[in-house]
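K.L.:
got a predicted structure here, sequence first:
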Amino acid sequence: MDFILSPSILSADFGHLESDIAMLNNSEADWIHVDVMDGVFVPNISFGFPVMNMLKKTAQKPLDVHVMITQPDQYINHFAEQATSTLSVHYEACTHLHRTLNEIRNKGMKAGVALNPHTPVNLLEDIITEADMILVLSVNPGFGGQKFIEHSYQKIEKLKNLIIQKNSNAKIEVDGGVTLDNAAKLSKAGADILVAGNAVFNSAKPIETIRQFKAI
Ligand code: DX5
Ligand code: ZN
């Protein structure tokens, strides 16, 4: 099936991050998903710019950055400097989302909007044409390795319809609880990009697991 695979380094081994990035470089992974958390928007703190700087130097795939932070506007420049390809901000964190998305695009990045599981897709009606990507959280953000929320399929289908109806070019990314078992169903529902953390990094053979995802 024709989807982009974006392994999330939140589940990588931070004691050996360089070799995990080298593994992704040598794999069939398309992008690298980077989860930045501030401990306020979500109940966890992940990592920030020193790690991003290391990724900028070592990663050979586009950096797909998902910020779970309360004030993304303050850091758009910093992310642009760290070779971010797509920057996804949370709908729930942005009071002036239209301005934020335009600012991200002005800095040369693709602009994504992330939706928490409780946020309905119809709230995007008046902004969908300004976004390059919509990231559907299929778990409550903050941690890797959580169980996929089944209601997400319906949400993806609704979002796909909204994109068609509004003539938007936005791609749909699904993030949380993605596995080799649900990837085909997600792609069929309308997902263009799949994030996989636990499924890749907790596998005994991550390169082979990535190959299996891409062979679906
Ligand atoms: C959740 C993060 C996800 C996470 C996904 O807060 O946004 O990107 O790393 O991990 P898995 O695939 O293990 O659910
Ligand atoms: Zn994420």
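P.N.:
Happy to help now that I have it. Numbering: from 1, shown residues only. Ligands and ions are numbered 1, 2, ... in the order given.
K.L.:
for ligand 2, what's the nearest residue on this protein?
P.N.:
Residue nearest to ligand 2 within the chain: His66 (3.7 Å; Cβ to the ion). C-betas here are computed from N, CA, C, even on glycine.
K.L.:
now that residue. Nearest residue, chain neighbours left out?
P.N.:
Of all residues not flanking His66 in the chain, Ser88 sits nearest, at 4.8 Å (Cβ to Cβ, 6 or more residues apart in numbering).
K.L.:
if we can go back for a sec, so the residue of the chain closest to ligand 2: helix, strand or coil?
P.N.:
Using DSSP: H, G, I helix; E, B strand; the rest coil, the structure places His66 in strand.
K.L.:
likewise for Ala111?
P.N.:
Quick answer, by three-state DSSP: Ala111 is strand.
K.L.:
what's the neighbour count on it?
P.N.:
23 (other Cβ atoms under 10 Å).
K.L.:
tell me who's in contact with the residue of the chain closest to ligand 2.
P.N.:
Going by Cβ atoms under 8 Å, 6 or more residues apart in numbering, His66 touches His33, Val34, Asp35, Val36, Ser88, Gly112, Ala114, Leu135, Asp175, Val195.
K.L.:
I'd say the fourth one and Phe47 touch.
P.N.:
Yes: under the criterion of Cβ atoms under 8 Å, Val36 is in contact with Phe47, at a separation of 6.9 Å.
K.L.:
so those two - more neighbours on which side?
P.N.:
Remark: of Val36 and Phe47, Val36 carries more neighbours, 22 against 17, as counted by other Cβ under 10 Å.
K.L.:
in a strand, that one, correct?
P.N.:
Yes: under three-state DSSP, Val36 falls within a strand.
K.L.:
so what's it up against?
P.N.:
Val36 touches Ser46, Phe47, Gly48, Met52, Val65, His66, Val67, Met68, Ile69, counting by Cβ under 8 Å, 6+ apart.
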